[in-house]
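Novice: Just the structure for this:
(4 chains)
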Protein chains: 2
Amino acid sequence: MQKKYMAIYYELVKKIQTEEWPTSTMLPSENELTGMYSTSRETIRKALNLLSQNGYIQKLRGKGSVVIDVNKVDFPVSGIVSFKELTDNLGLDTKTTVTELSYLESASNVHKVLGSEEQHKIWKVFRVRGISGETVILDKDYFNEKYVPMLSESICENSIYAHLENELGLSISFAQKEIIVEEPTDEDRMLLDLEGYSNVVVIKSLVYLEDTSLFQYTESRHRPDKFRFVDFARRIKN
Amino acid sequence: MQKKYMAIYYELVKKIQTEEWPTSTMLPSENELTGMYSTSRETIRKALNLLSQNGYIQKLRGKGSVVIDVNKVDFPVSGIVSFKELTDNLGLDTKTTVTELSYLESASNVHKVLGSEEQHKIWKVFRVRGISGETVILDKDYFNEKYVPMLSESICENSIYAHLENELGLSISFAQKEIIVEEPTDEDRMLLDLEGYSNVVVIKSLVYLEDTSLFQYTESRHRPDKFRFVDFARRIKN
DNA sequence: TTGTATAACTTGTATATACAAGTTATACTA
DNA sequence: TAGTATAACTTGTATATACAAGTTATACAA
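Specialist: The predicted model follows:
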């Protein structure tokens, strides 16, 4: 961790999470923190702004920073996190099964979305996710072969993102997501334990690399009773 | 608008939205922008970081900033925006009807959540929202009387937030949100045109003021086919 | 006692400087 | 010609300074 403000941010997060600084207590002032971490005030302010953006503290002009209570122990706080990263953190008893790993037949909508009219094929990876015995999530991932030349079943059973970032050196940067509710398809009914539910929650994502190239399209289809999305939002002030 | 970096941010947003700077073009470099707006580089960087956070640009070290394509013409990009602010921007044909405006009977769960064991009553405001003739959203708002002493039907039919911020001078600051899918209650069936749908999407929000006091709890209940949530997310780098 | 000014804090904004680190085109060398 | 060094750009991080603006406790005055 070479970036000072990032290191300080994570240290402060830890102090809040371990309740060394519990909810409603004031943080040390920016001046005190510059002393504690022997750095400049601007560096401290970068760290504090990250805490504020992520819902750990509220800054009060003239007063200081208060720790606020976020149930951070929860499901997807808006961000790009893979299923494995998520469940590892939560210590859930989950099982991933690859049900399909192939190239996409041509002339589909996904080809158009991923902008691959040319020679590049599209990887098609279907995975079902089980939590405590029930199969409740179907992930349909599509990758442009231009950026992901090789995939294997063992990679897909673990973390594709870990493979892309660590082995292939890809730099995943941002995503546009859409959450909607749809009627289950035959495919959903076949692969999921729907238990009579007549809807699925669908999260569609377009994922981009650092150079802004689009490399992945994903549909994550959830049984509605097992879906939960948690968000922290700040009101924009002019 | 006294804050320079905010003014610059909004000017740059406008240039992107009007496609004076279309998708994939490079922004002027930070040095050029300091010249154009006769300010310092740090001020420009604050504006650019806002653009990056909100999905307008991608910054590339050593190269510059590229405009990326966000369908910003869309539904709730993660934030605190009132229904009126939202639909005004989109120019939708909507109708709001207040179906209930009263004090909440005591000893409810909402009392506990809003932490008002004491003397303070809780406002209970139910509103149904119609879009092109169909009633598809039920908003159940609860306000602590401590912060919102008075409400009227006309206030509720327009924007409660406008009233709170402009008339009462309250400073709405942040919210914790949860999106889940539930079975419709009898109340939902009574007040909404459910058309046989057997689920509703529920957005539960806890809304806080600047001094971190909790003043509002809201349940926004949507017919699933009319629900859509759009988000922009960045992957966190260490 | 009550109210008011003030001083000493807090965070917010704006500016300047220095250097690190990544990119790219140019010019030069083998 | 092909390859390589370099120079001139870009953004990222860290530091310092100055002042504005909001909060709070203290001291003072009526």
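Novice: burial of the residue lying closest to A:Ile137 once chain neighbours are set aside, as a residue count?
Specialist: Nearest residue to A:Ile137 in three dimensions, chain neighbours excluded: A:Arg129, at 3.8 Å (CB to CB, 6 or more residues apart in numbering or on different chains). In this view, the C-beta of every residue, glycine as well, is placed from N, C-alpha and C. Using other CB atoms under 10 Å in any protein chain shown, A:Arg129 is surrounded by 21 other residues.
Novice: And for A:Val66?
Specialist: Neighbours around A:Val66, by other CB under 10 Å: 17.
Novice: Next one: it from A:Gln58, what distance?
Specialist: Distance of A:Val66 to A:Gln58, given as CB to CB, to the nearest Å: 5 Å.
Novice: thinking again about what came up before, please verify my assumption that the residue nearest to A:Ile137 contacts A:Lys140.
Specialist: No. Applying CB atoms under 8 Å as the test, A:Arg129 and A:Lys140 come out as separate, 11.8 Å apart.
Novice: A:Pro22: neighbour count?
Specialist: So A:Pro22, with other CB under 10 Å, has 11 neighbours.
Novice: so what's it up against?
Specialist: A:Val67 (CB atoms under 8 Å, 6 or more residues apart in numbering or on different chains).
Novice: Kindly recompute the last result at 10 Å.
Specialist: Applying CB atoms under 10 Å, 6 or more residues apart in numbering or on different chains to A:Pro22 gives the contacts A:Lys15, A:Ile16, A:Val67, A:Asp69.
Novice: shared neighbours of A:Arg129 and A:Lys140, anything?
Specialist: By CB under 10 Å, 6+ apart, the residues touching both A:Arg129 and A:Lys140 are A:Ser220.
Novice: Check which element follows the worst-scoring helix or strand of chain A on mean pLDDT along the chain.
Specialist: Least confident helix or strand, chain A: helix A:83-90 with a mean of 69, by mean pLDDT, DSSP states H and E. Going down the chain from helix A:83-90, the next helix or strand is strand A:94-103, by DSSP states H and E.
Novice: Let me know the average pLDDT across that next one.
Specialist: Strand A:94-103 shows a mean pLDDT of 93.
Novice: Would you map out the domains in chain A?
Specialist: A:4-67, A:73-230 (automatic domain parsing).
Novice: which neighbours do A:Val66 and A:Gln58 share?
Specialist: B:Asp211, B:Thr212.
Novice: I'd like to check which residues are in contact with the closest residue to A:Phe229 other than its chain neighbours.
Specialist: Closest residue in space to A:Phe229, ignoring its immediate chain neighbours: B:Ile179 at 4.1 Å, by CB to CB, 6+ apart. By CB under 10 Å, 6+ apart, B:Ile179 lies in contact with A:75-76, A:179, A:201, A:227-231, B:201-205, B:220, B:222, B:227, B:229.
Novice: what's the distance between A:Val201 and A:Gln176?
Specialist: A:Val201 is 17 Å from A:Gln176, by CB to CB.
Novice: ok, the contacts of A:Pro22 vs DNA strand D, which is closest?
Specialist: Of all these, A:Val67 has the smallest distance to DNA strand D: 16.1 Å, by CB to the nearest atom of the strand.
Novice: for A:Ser198, helix, strand, or coil?
Specialist: Using DSSP: H, G, I helix; E, B strand; the rest coil, the structure places A:Ser198 in coil.
Novice: Just to check, A:Leu164 is in contact with A:Phe215?
Specialist: Yes. With contact defined as CB atoms under 10 Å, A:Leu164 reaches A:Phe215; the gap is 8.5 Å.
Novice: just to revisit the earlier point, these two touch, right, the residue nearest to A:Ile137 and A:Thr97?
Specialist: Yes. If you go by CB under 10 Å, A:Arg129 and A:Thr97 touch, sitting 8.1 Å apart.
Novice: returning to that earlier point: export the contacts of A:Pro22 to CSV and tack on pLDDT and neighbour count?
Specialist: Shown next, in CSV, are these (pLDDT from 0 to 100; neighbours: other CB atoms under 10 Å in any protein chain shown):
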residue, pLDDT, neighbour count
A:Lys15, 96, 15
A:Ile16, 94, 21
A:Val67, 95, 21
A:Asp69, 76, 16
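Novice: Please identify which of those is nearest to DNA strand C.
Specialist: A:Val67 (12.4 Å).
Novice: For chain A, what lies in contact range of DNA strand D?
Specialist: A:2-6, A:39-43, A:46, A:60-63 (CB under 7 Å from any atom of the strand).
Novice: Next one: A:Pro76, what pLDDT does it get?
Specialist: Model confidence at A:Pro76, expressed as pLDDT, equals 46.
Novice: and the next element down the chain from the helix or strand hosting A:Met6?
Specialist: Using DSSP H and E, A:Met6 sits within helix A:4-17. For helix A:4-17, the following helix or strand on the C-terminal side (DSSP H and E) is helix A:30-36.
Novice: counting contacts, what elements does that following helix pack onto?
Specialist: helix A:4-17, helix A:41-53, strand A:64-67 (3 or more CB pairs under 10 Å, 6 or more residues apart in numbering or on different chains; DSSP states H and E).
Novice: at contact distance from chain B, anything in the shortest one?
Specialist: Yes. In terms of CB under 10 Å from any CB of the partner chain, part of strand A:64-67 sits within range of chain B, namely A:Val66, A:Val67.
Novice: related to what we said a few turns ago, so which of the residues of chain A next to DNA strand D is surrounded by the most neighbours?
Specialist: Neighbour max across those (other CB under 10 Å) = A:Tyr5, 19 neighbours.
Novice: my read: that residue touches A:Leu48, true?
Specialist: Yes. Assessed by CB under 10 Å, A:Tyr5 is found in contact with A:Leu48 at 9.2 Å.
Novice: show me where pLDDT drops low in chain A?
Specialist: Chain A contains residues with pLDDT under 70 at A:1, A:70-82, A:85-86, A:88-91, A:115-119, A:238.
Novice: residues from chain A in reach of DNA strand C?
Specialist: So chain A meets DNA strand C at A:2, A:27, A:29-32, A:42, A:45, A:48, A:59-65 (CB under 7 Å from any atom of the strand).
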